[in-house]
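# got a sequence here, can you model it:
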Amino acid sequence: MTQERWHQQELRVRYQETDQMGVVYHANYLTWFEIGRTELIRSLGYPYRKIEEMGLLLPVTEADLKFKKPARYDDRIGIYTRVSQMSGVRLQFAYEIRRIHDDLTEELLVTGTSHHVWVNPSWKPVRIDKEAPELWQLIMKYTEDGG
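Okay, the predicted model is just below:
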């Protein structure tokens with residue numbers, strides 16, 4: 001199952017996110033992926049805190065990044081996130097990090113994915129469609145409707 005609507009979250013590159021070369025340190029893109037993911041889920045009405053209070057966790061099992069161009073200090077950045085695959089136990093997100101220019105054109109900087117598995121507090125995999133059917137339906141509707 002895939003969907004084509006991207007959730008957008010903007011930020012400005014902060015000085016502490018850059019390295020000696022003046023570009024964003026590579027590990028910060030994973031933090032930006034997390035921002036995109038948590039804000040997409042929040043936009044559905046389920047902030048991570050609420051999900052955790054339900055006894056569900058969504059750890060990362062795999063992440064992949066492809067660097068095309070560097071982001072630099074004070075760049076306006078768009079973090080684009082979408083659910084790219086979903087099953088009762090697994091969830092995969094796709095990401096694009098883009099520089100947003102003053103004229104609102106965008107430049108692709110980084111693409112990536114992260115894979116997750118739904119688990120309980122004992123870290124045993126659970127089926128989200130059984131444990132939280134309302135959340136399952138919400139994510140399903142989001143992916144089917146394109147947002």
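
# which parts of the chain are strands?
7-12, 60-67, 76-86, 90-100, 106-117 (DSSP state E).

# make a markdown table out of those and add distance to Tyr142, mean pLDDT and mean neighbour count.
All C-beta atoms are positioned from the backbone trio N, CA, C, and that covers glycine. Listed next are the strands of the chain as a markdown table, based on distance: least, C-beta to C-beta, whole Å; pLDDT from 0 to 100; neighbours: other C-beta atoms under 10 Å:
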| stretch | distance to Tyr142 | mean pLDDT | mean neighbour count |
| --- | --- | --- | --- |
| strand 7-12 | 9 | 96 | 15 |
| strand 60-67 | 20 | 98 | 13 |
| strand 76-86 | 7 | 96 | 20 |
| strand 90-100 | 12 | 97 | 21 |
| strand 106-117 | 16 | 98 | 18 |
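
# looking at the ones you listed, which is closest to Ile139?
Between Ile139 and these, the tightest spacing by C-beta to C-beta is seen for strand 76-86, at 6.4 Å.

# can you list the strands that that closest one pairs with?
Applying DSSP bridges, strand 76-86 is found paired with strand 7-12 (antiparallel), strand 90-100 (antiparallel).

# quick one: closest of those to Lys50.
Minimum separation from Lys50 across the strands paired with strand 76-86 (C-beta to C-beta) falls at strand 90-100, 16.0 Å.
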